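A.B. asks: sequence first, predicted coordinates after that:
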Amino acid sequence: MKEIKLITFDLDDTLWDNVPTIKRAEIDTRRWIEDRVGKVEWGDFNDFLSLREELIKEDPVIEWDISKLRKEIFRKKLEHVSPKNLRDEIVEEAFNIFIDKRHEIKLFDGVENALSLLSSKYSLGVLTNGNADVYKFNIGKYFKFAISSLEAKNSKPNRAHFDEVIRRFKDISFNEILHIGDHQINDIFFAYNLGIDTLWFNNNNAEWIQDFAKPTEFSCWSSLPKIIEDLYE
Ligand SMILES: [Mg+2]
């Protein structure tokens, strides 16, 4: 039996349902901007993707600095606003509004209790591609560290987040880590690639579509401590 010392968690769609949060944050921020500058052509998802490509060409850090990406998108969409310092001011303020709303989340049932239990036996950490700051929430107290794409200077499923874990922890090997997340590639393949054990949070009955074995899955946070106990204790 493996001896697990550290459990790392994804945030978005693992600890909370991120879709309603981001949708609301987007809508409210756009409304705030339009109240100041009038109607803006926001474009659809394909426009977003091509704009993102364009911005990454101009500034490669935008690939993993998603806060900068969001600001630069606002700046592009507000190109018609002048003078420039007014535009920059609106961009900064809009981003602050967005990031506040982005933290208006509702944890899945059982998250707090599971983290509390697990933190008494294991070190816990966060590995996220997003820009939510776990230390803005009550549950922040259970985590020894949080590494985002900004700190890893790369995104999951690339290995940089785990390299950063080793750098910070020193006294740990991949063999002693368990990673928990919802995303088949960005969490499960990400860890599997390095021989790190995983648990798959699958609360919407998704089909496993990878060409390697499906890890143990769970759909309800209240069952997590027992699953870990059965597997590793
Ligand atoms: Mg996720």
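C.D. replies: Received it, and whenever you're ready, just let me know what you need.

A.B. asks: mind checking which helix or strand E54 is in?
C.D. replies: E54 is located in helix 45-58, with elements delineated by DSSP states H and E.

A.B. asks: neighbours of F137, just the number please.
C.D. replies: F137 has 19 neighbours, counted by other CB atoms under 10 Å. For every residue, glycine as well, the C-beta is placed using N, CA and C.

A.B. asks: actually, I22.
C.D. replies: 17.

A.B. asks: wait, it touches R102, no?
C.D. replies: Yes. Between I22 and R102 a contact is recorded at 6.7 Å, counting by CB atoms under 8 Å.

A.B. asks: ok now do D88, which residues does it touch?
C.D. replies: The neighbourhood of D88, defined by CB atoms under 8 Å, 6 or more residues apart in numbering, consists of R75.

A.B. asks: so which residues make contact with stretch 1-9?
C.D. replies: Contacts for stretch 1-9 (CB under 8 Å, 6+ apart): 15, 118, 122-127, 143, 165, 169, 172, 175-181, 197, 228, 232.

A.B. asks: check the gap between the residue of the chain positioned farthest from its centre and E89 for me.
C.D. replies: Going by CA atoms, centre = their mean, the residue of the chain most distant from its centre is P83, 34.8 Å out. Relative to E89, P83 is positioned 10 Å away (CB to CB, to the nearest Å).

A.B. asks: would you map the helices across the protein?
C.D. replies: 18-37, 45-58, 66-77, 84-102, 111-119, 149-152, 160-169, 190-192, 224-232 (DSSP state H).

A.B. asks: what's the most buried one of those?
C.D. replies: With neighbours defined as mean count of other CB atoms under 10 Å, the helices of the chain peak in mean count at helix 190-192, which reaches a mean of 24.

A.B. asks: and that one, does that touch the ion?
C.D. replies: No. Judged by CB under 5 Å from the ion, helix 190-192 stays clear of the ion, getting no closer than 10.7 Å.

A.B. asks: coming back round to it: how much space separates the residue farthest from the centre of the chain from the ion?
C.D. replies: 40 Å (CB to the ion, to the nearest Å).

A.B. asks: and I139, by the same measure?
C.D. replies: Distance from I139 to the ion, by CB to the ion: 16 Å.

A.B. asks: got the residues of this protein near the ion?
C.D. replies: Going by CB under 5 Å from the ion, the residues of the chain near the ion are 10, 12-14, 182-183.

A.B. asks: now L231: closest residue in space that isn't a chain neighbour?
C.D. replies: Spatial nearest neighbour of L231, chain neighbours left out: T216 (6.8 Å); criterion: CB to CB, 6 or more residues apart in numbering.

A.B. asks: burial count for that neighbour?
C.D. replies: With other CB under 10 Å as criterion, T216 counts 12.

A.B. asks: wait, it touches W200, no?
C.D. replies: Yes. Between T216 and W200 there is a contact at 7.1 Å, judged by CB under 8 Å.

A.B. asks: OK, contacts around the closest residue to K153 other than its chain neighbours?
C.D. replies: Spatial nearest neighbour of K153, chain neighbours left out: W64 (5.9 Å); criterion: CB to CB, 6+ apart. By CB under 8 Å, 6+ apart, W64 lies in contact with 149-150, 152-155.

A.B. asks: the domain parsing of this structure - what is it?
C.D. replies: 6-17+107-232, 19-102 (automatic domain parsing).

A.B. asks: can you redo those as TSV with mean pLDDT?
C.D. replies: Compiled in TSV, the domains of the chain are given as follows (pLDDT from 0 to 100):
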stretch	mean pLDDT
domain 6-17+107-232	97
domain 19-102	96
